[in-house]
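S.K.: Provided below for reference: sequence and predicted model.
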Amino acid sequence: MTNPSLLILPGDGIGPEVMAEVRKVIDWYGTRGVTFDVSEDLVGGAAYDVHGTPLHDDTMAKAQEVDAVLLGAVGGPKYDVLDFSVKPERGLLRLRKEMDLFANLRPAQCFDALADFSSLKKDVVAGLDIMIIRELTSGVYFGEPRGIHREGNERVGINTQRYTESEIARVARAAFELARKRGNKVCSMEKANVMESGILWRDVVTEVHAAEYPDVELSHMYADAGAMQLTRWPKQFDVIVTDNLFGDLLSDLAAMLTGSLGMLPSASLGLPMANGRPKALYEPVHGSAPDIAGQGKANPIACILSFAMALRYSFDMGAEATRLEKAVEDVLADGLRTADLLGEEGVTPVSTAAMGDAIVAKLSASV
Ligand code: IPM
Ligand code: MG
């Protein structure tokens, strides 16, 4: 048996800092005989600085070969002046598109220790456990035509929202499959009241449901109403399935319900490879946070929990994923907080590195 392979792409801003803490976790698993073949490469602005492109072809090729990619974050003000085609974000979007990672799983879970920290009332968020499944390889992010061109004496900016039936059906299946392992409920969100692509979305989700998943409870909501309901009473949801752009917005909203963007992991999954594992990329939902980069203020938990998702969805190590999630929960219960989570009484401020060390210590204590 060969070791599972991981490509680590720390990226920009706080990406390398939070990834350093994930490396500690990976090393801890190594000491327990669970060894990963880890390679590391550049993405985003860091890749642009060296190669003049936010994702080198060799890196893209490596990403296609490994069992899973773990990415930190991309972007920063330094790169704002770059041409759109070589902006850091293009590197990430190319990975998603070429690996065909159509199902983006974004769980929003509220840890008990942080329930007071949310901007919403404690009873609204305590025990929250929802999963947003965002379509990630199509829609307005990739639709053609697109661009900025001149019409008469002014410029026009164009993007196209476009979905095929098969693109909708496959992400709907991913949502129904996942719901069966959770609360067995799916809410599909679009804007069928104003967009034809939304009408098709609703039709196809309804058809897939009737034909293949009648046992799962399905509801539909307009995405704007969905945003409202997410802040009003988020616990009404189990799995939410939605398109690329609405999913981008709704997942930031859902993340904030839990107190901090620094807590939320994600998995982007594609079709199974020859070895049966899905094409996969794991990354925190948060961005590169250039304003706090290099100061030990970043919260490594989102990135560490992204590795936990890799254990669960790529490596079939659900029990180890649960162990790691429990270690995070225990550290929070002890009152350890990175800078994004300060403000409550009686908590202990810790640096990025100290948070990583504490999580590894909990892992060691768990065996
Ligand atoms: C996300 C991010 C990305 C997106 C950016 C960095 C391109 O906001 O993963 O949610 O818009 O998809
Ligand atoms: Mg986003």
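M.R.: In hand now; what should we look at? Ligands and ions are numbered 1, 2, ... in the order given.
S.K.: list the buried ones in stretch 336-347?
M.R.: Of the residues in stretch 336-347, those buried under the neighbour-count criterion (16 or more other CB atoms under 10 Å) are 336-341, 347. Bear in mind the C-beta positions are built from the backbone N, C-alpha and C, glycine included.
S.K.: same question, stretch 100-116
M.R.: Neighbour-count burial for stretch 100-116 flags 101-111, 113-115 (criterion: 16+ other CB under 10 Å).
S.K.: can you add distance to D58, pLDDT and secondary structure and give those residues back as JSON lines?
M.R.: Below are the buried residues of stretch 100-116 laid out as JSON lines (distance: CB to CB, whole Å; pLDDT from 0 to 100; DSSP: H, G, I helix; E, B strand; the rest coil):
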{"residue": "L101", "distance to D58": "19", "pLDDT": "98", "secondary structure": "coil"}
{"residue": "F102", "distance to D58": "24", "pLDDT": "98", "secondary structure": "coil"}
{"residue": "A103", "distance to D58": "26", "pLDDT": "98", "secondary structure": "strand"}
{"residue": "N104", "distance to D58": "25", "pLDDT": "98", "secondary structure": "strand"}
{"residue": "L105", "distance to D58": "28", "pLDDT": "97", "secondary structure": "strand"}
{"residue": "R106", "distance to D58": "29", "pLDDT": "96", "secondary structure": "strand"}
{"residue": "P107", "distance to D58": "32", "pLDDT": "95", "secondary structure": "strand"}
{"residue": "A108", "distance to D58": "35", "pLDDT": "94", "secondary structure": "strand"}
{"residue": "Q109", "distance to D58": "36", "pLDDT": "93", "secondary structure": "strand"}
{"residue": "C110", "distance to D58": "41", "pLDDT": "92", "secondary structure": "coil"}
{"residue": "F111", "distance to D58": "39", "pLDDT": "89", "secondary structure": "coil"}
{"residue": "A113", "distance to D58": "43", "pLDDT": "88", "secondary structure": "helix"}
{"residue": "L114", "distance to D58": "40", "pLDDT": "89", "secondary structure": "helix"}
{"residue": "A115", "distance to D58": "45", "pLDDT": "88", "secondary structure": "coil"}
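S.K.: what is the nearest of those to L250?
M.R.: L250 lies nearest to R106 out of those, by CB to CB, at 8.7 Å.
S.K.: count of neighbours near the residue in the stretch 101-250 of the chain that ligand 1 sits nearest to?
M.R.: Minimum separation of the stretch 101-250 of the chain from ligand 1 (CB to the nearest ligand atom) falls at D248, amounting to 4.7 Å. D248: 19 surrounding residues under other CB atoms under 10 Å.
S.K.: these two touch, right, D100 and K279?
M.R.: Yes. Using CB atoms under 8 Å, D100 makes contact with K279 at a distance of 6.5 Å.
S.K.: hang on, the earlier thing: can you tell me which of the buried residues of stretch 336-347 end up in strands?
M.R.: Here DSSP state E is the test, and these give 336-337 as lying in strands.
S.K.: about what we covered before: how about the buried residues of stretch 100-116, which pair is most distant?
M.R.: Across those, the longest distance by CB to CB is 34.1 Å; it joins F102 and A113.
S.K.: who touches the residue lying closest to A254 once chain neighbours are set aside in this structure?
M.R.: In this structure, A254 finds its nearest non-sequential neighbour in A108, 3.9 Å apart by CB to CB, 6 or more residues apart in numbering. By CB atoms under 8 Å, 6 or more residues apart in numbering, A108 lies in contact with 128-132, 234, 251, 254-255, 257-258, 264.
S.K.: just those: which are in helices?
M.R.: Members of the contacts of A108 lying in helices (criterion: DSSP state H): 251, 254-255, 257.
S.K.: would you mind listing what in the chain touches ligand 1?
M.R.: 89, 92-93, 248 (CB under 6 Å from any ligand atom).
S.K.: highest neighbour count among those residues?
M.R.: Top of the residues of the chain next to ligand 1 by neighbour count (other CB under 10 Å): L92, with 23 neighbours.
S.K.: hang on, that one packs against V43?
M.R.: Yes. Between L92 and V43 there is a contact under CB under 8 Å: 6.9 Å.
S.K.: which residues are common contacts for these two?
M.R.: Contact criterion CB under 8 Å, 6+ apart; residues shared by L92 and V43: 54-55, 71, 74.
S.K.: ok, the residues you listed vs G30, which is closest?
M.R.: Among these, L71 lies closest to G30 (CB to CB), at 20.8 Å.
S.K.: secondary structure element for the closest one?
M.R.: Of the helices and strands defined by DSSP states H and E, L71 is found in strand 68-73.
S.K.: note down every partner strand of that strand and its orientation.
M.R.: Strand 68-73 pairs in its sheet with strand 5-11 (parallel), strand 278-284 (parallel), by DSSP bridges.
S.K.: in contact with the closest residue to ligand 1 within the chain, which residues?
M.R.: The nearest approach of the chain to ligand 1 comes at E89, 3.9 Å away (CB to the nearest ligand atom). Taking CB under 8 Å, 6+ apart, we find E89 in contact with 44, 54, 74-75.
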